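*Asks:* the following comprises the amino acid sequence and a computationally predicted model.
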Amino acid sequence: MNLSLYVDARTWVHRLDGRTKILCLLGLFSLSLIFSDPVYLLGLCAGVLGLVLWAQSLHNLKKIWILLALLFVYSVVLWPFFVEGTIPLFTIGGMTVMQEGVLHGMGMGLRLNAMLISGIVLLSATAIEELGEASNRLGVPRPLGFSLSLAFRWVPNLLGSIGAVIQAQRSRGLDVQSKGVFGKIRRYPPLIVPLIGHTLRQTNLLAMALESKGDSGPDRFGTHYLFRK
């Protein structure tokens, strides 16, 4: 199974310089953080989805659609309990849910989705090696650039871990093929705990692999040399 998110295509998004792609990603992040209006963020999400189609990375987006749905649903459900307002909508257990809280939760969910989808577009249109080179050419310190490229490389591995955990839970009788979106969302939270445990183990193995290659952390001059012989 190919776990790489990079899509080998000849789109205008792929032909952009790596530095331009990184700066555009930072620009999209900034646009996501400027306002909390759900209408504005919905338009931004629509624009980012257009980039997904242009970059031919729709199949990568399908891999994380359940995560996008969970982020939006959790934001809409949780934020109203922490945001005060003046327009009541309904009452649950003696607690009144305000319209401002619901709108803020929708905005936060759309904001997270826009940022996550933007990252998927970058990973679909940029090879990991190009990403590391572009960060160095932007003046990012080499240790930090290596850490960023390593973090982006970790994304497809995490998606592969999600598939492995789902298959393992299916073999134990967990039904994740329920009909309807909400039925599937209700059955995915039990997968989070084994996924976190698997991720922590893989992170520990990665740390030991880096140590075995001579990565001993910053030296007394503040530099960081990786893979020293």
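*Replies:* Looks like it arrived, so ask away.

*Asks:* so residue 52 is in contact with residue 119, correct?
*Replies:* No - applying CB atoms under 8 Å as the test, residue 52 and residue 119 come out as separate, 11.3 Å apart. Just so you know, the C-beta spots here come from the backbone N, C-alpha and C atoms, and that holds for glycine as well.

*Asks:* just the element for the most centrally placed residue in the chain, please.
*Replies:* Nearest to the mean C-alpha position of the chain, by CA atoms, centre = their mean, lies residue 116 at 4.2 Å. Secondary structure from DSSP states H and E places residue 116 in helix 99-125.

*Asks:* list the buried ones in that helix?
*Replies:* 100-125 (16 or more other CB atoms under 10 Å).

*Asks:* number of nearby residues for residue 138?
*Replies:* Counted with other CB atoms under 10 Å, the neighbours of residue 138 add up to 12.

*Asks:* name the SS class of residue 86, please.
*Replies:* Following DSSP: H, G, I helix; E, B strand; the rest coil, the label given to residue 86 is coil.

*Asks:* distance check, it against residue 98.
*Replies:* Distance, residue 86 to residue 98, by CB to CB, to the nearest Å: 7 Å.

*Asks:* picking up where we left off before, ok, the closest residue to the residue nearest to the centre of the chain other than its chain neighbours - contacts?
*Replies:* Excluding the flanking residues, the one nearest residue 116 by CB to CB, 6 or more residues apart in numbering is residue 68, at 6.6 Å. Residues counted as contacts of residue 68 (CB atoms under 8 Å, 6 or more residues apart in numbering) are 113, 116-117.

*Asks:* and residue 90, that's in a helix?
*Replies:* No - Residue 90 is assigned strand when assessed by three-state DSSP, not a helix.

*Asks:* now do the contacts for the residue nearest to it when sequence neighbours are not counted.
*Replies:* Nearest residue to residue 90, sequence neighbours excluded (CB to CB, 6+ apart): residue 97, at 5.6 Å. Contact analysis of residue 97 by CB under 8 Å, 6+ apart lists 80-81, 88-91.

*Asks:* got it, and residue 24?
*Replies:* Neighbours of residue 24 in contact, by CB under 8 Å, 6+ apart: residue 16.

*Asks:* isn't the residue nearest to the centre of the chain right up against residue 71?
*Replies:* Yes - applying CB under 8 Å as the test, residue 116 and residue 71 come out as touching, 7.3 Å apart.

*Asks:* number of residues surrounding residue 147?
*Replies:* 16.

*Asks:* tell me the contacts of it?
*Replies:* Residue 147 neighbours (CB under 8 Å, 6+ apart): none.

*Asks:* looking at this, it is in a strand?
*Replies:* No - per three-state DSSP, residue 147 lies outside any strand segment and is helix.

*Asks:* noted, bye for now.
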